[in-house]
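[1] Sequence and predicted structure below; questions after.
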Amino acid sequence: MRKFLGPDKYQQTEDDKRVQHELRALGKLPRHIAVIMDGNGRWAEERGLPRAAGHQAGIASLRDVTRSSRELGIGYLTVYAFSTENWKRPKREVSMLFRLLVKMLRDEMQEMLENGVRLKTIGQTSLLPKGVQEELSDAIERTSKNKGLTLTLALSYSGRWDLIRAMQTIALEVRSGKMSPEDISEEVIRRSLTTAEMPDPDLLVRTSGELRLSNFLLWELAYSEIHVTKTLWPDFRREHLYEAIREYQTRERRFGLTGAQLKKGEDVVSPEHQSYVDKLISRITR
Ligand code: FPP
């Protein structure tokens, strides 16, 4: 596996360009990818390191996945960085996570600006320490005009929390007479969620092999394709993302078309082309 070279030595290789080109040519790319970044603790424990080392290493994975998503032209990347349930972790781990978050925002700002990455958050960020809230607001403001990838950090977030919030908003509108209960529709609920301005994720990636949604984007993931990999988040790199997208494209091709389209062979890519791309991906994964 290619080693991550560090923020300064990063280069998009010719193989990267080729794979990205082929992925675009092979089928539809997901517009929105959601990621449950799991396995940081296990990664650290396997190496006899403190859990903090796993979270720290996870930042490099997030950087590489953000870069490659941007290069591919993915519109939205939403990552589960800190769940409502994560507040129950030891205080030291929680405060260390926030310190890492602040460092990450500062370290990555230049690159986000250069690459058109727009930063957003979803979740109850008012519960975060004041200093962290300020750093977040500043980063969101500074990147707000960017038109490339929208990177959304889910912080102090849970799907149920957002659904409760949405229901409360809708209930207030009903009580004030602006809407009747019969008017409540999928569209009304959708636009009351904190994710209102983004399309639903087409693809959910979960690392470290767990087969759970863990209270992430419960409404939005209703029709998403799910890719679970045993790879722990700190080991996850762009090659793994390419694999996830390949799997997504295969599933789309099988299940996304109507029977009539399948008969006509529309949008069906030749097996030779598929295996060529699979070989390319495995070559850069080595
Ligand atoms: C889950 O691994 C991961 C997290 C709780 C945090 C994810 C954070 C990052 C990747 C760093 C970037 C974001 C911030 C907020 C700095 P786990 O600890 O549950 O791993 P385990 O299941 O192996 O214990």
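    That came through, no problem.
[2] Am I right that T78 is in a strand?
    Yes: using DSSP: H, G, I helix; E, B strand; the rest coil, the assignment for T78 is a strand.
[3] ok, now which ones touch the residue of the stretch 51-200 of the chain found nearest the ligand?
    For the stretch 51-200 of the chain and the ligand, the shortest gap (Cβ to the nearest ligand atom) falls at G58, measuring 2.9 Å. In this view, the C-beta of every residue, glycine as well, is placed from N, C-alpha and C. Contacts for G58 (Cβ atoms under 8 Å, 6 or more residues apart in numbering) come out as M37, N40, W43, W233, P234.
[4] Doesn't it belong to a helix?
    Yes: if the criterion is three-state DSSP, then G58 is within a helix.
[5] what's the neighbour count on R118?
    By the measure other Cβ atoms under 10 Å, the count of residues near R118 is 18.
[6] so how far does stretch 28-40 reach from one end to the other?
    31 Å (Cα to Cα, to the nearest Å).
[7] sec struct for the residue lying farthest from the centre of the chain, please.
    Using Cα atoms, centre = their mean, the residue of the chain lying farthest from its centre is G177. It sits 37.7 Å away. For G177, the assignment made with three-state DSSP gives coil.
[8] per-residue confidence at it?
    You'll see G177 listed with a pLDDT of 98.
[9] quick one, phi psi at it?
    Note on G177: its backbone torsions stand at phi 90, psi 0 [degrees, to the nearest 10].
[10] Can you check what pLDDT the model gives the closest residue to Y242 other than its chain neighbours?
    Leaving aside its sequence neighbours, Y242 sits nearest to I281 (Cβ to Cβ, 6 or more residues apart in numbering; 5.0 Å). pLDDT recorded at I281 is 73.
[11] Could you report the distance from I281 to the ligand?
    From I281 across to the ligand, the span is 23 Å (Cβ to the nearest ligand atom, to the nearest Å).
[12] What residues does the stretch 101-250 of the chain have near the ligand?
    L101, M104, W233 (Cβ under 6 Å from any ligand atom).
[13] pretty sure I33 is in a strand, no?
    Yes: I33 forms part of a strand when assessed by three-state DSSP.
[14] Just give the number of residues close to it.
    27.
[15] And it, how far from R160?
    Applying Cβ to Cβ, to the nearest Å, the value for I33 to R160 is 22 Å.
[16] re the thing from before, pick the one among the contacts of G58 closest to M167.
    Nearest to M167 among these: M37, at 28.1 Å, using Cβ to Cβ.
[17] tell me the contacts of the closest one?
    By Cβ under 8 Å, 6+ apart, M37 lies in contact with G58, S61, L62, V79, Y80, A81, T207, W233, F236.
[18] what's the closest non-adjacent residue to it?
    Computed as Cβ to Cβ, 6+ apart, the closest residue to M37 that is not its neighbour in sequence is W233, at 4.3 Å.
[19] And R18, by the same measure?
    L280 (6.1 Å).
[20] Please name the residues that touch the one you found.
    D15, R18, V19, E22.
[21] Looking at pLDDT only, which of the residues you listed scores worst?
    Confidence-wise, D15 trails the rest of these, at 88.
[22] Need the pLDDT of the residue lying closest to K145 once chain neighbours are set aside.
    Closest residue to K145 apart from its sequence neighbours, by Cβ to Cβ, 6+ apart: R118 at 7.9 Å. Predicted confidence (pLDDT) at R118: the value is 98.
[23] likewise Q12?
    In this model, Q12 carries a pLDDT of 78.
[24] and what of L26?
    Model confidence at L26, given as pLDDT, is 88.
[25] Equivalent analysis for S270, please.
    pLDDT, S270: 62.
[26] Please apply the same query to S275.
    pLDDT for S275: 72.
[27] still on that earlier bit, nearest to I140 among the contacts of M37?
    Among the contacts of M37, and counting by Cβ to Cβ, the member closest to I140 is A81, at 14.2 Å.
[28] which stretches of this structure have low pLDDT?
    The model of the chain has pLDDT under 70 over residues 1-11, 252-257, 259, 261-274, 283-286.
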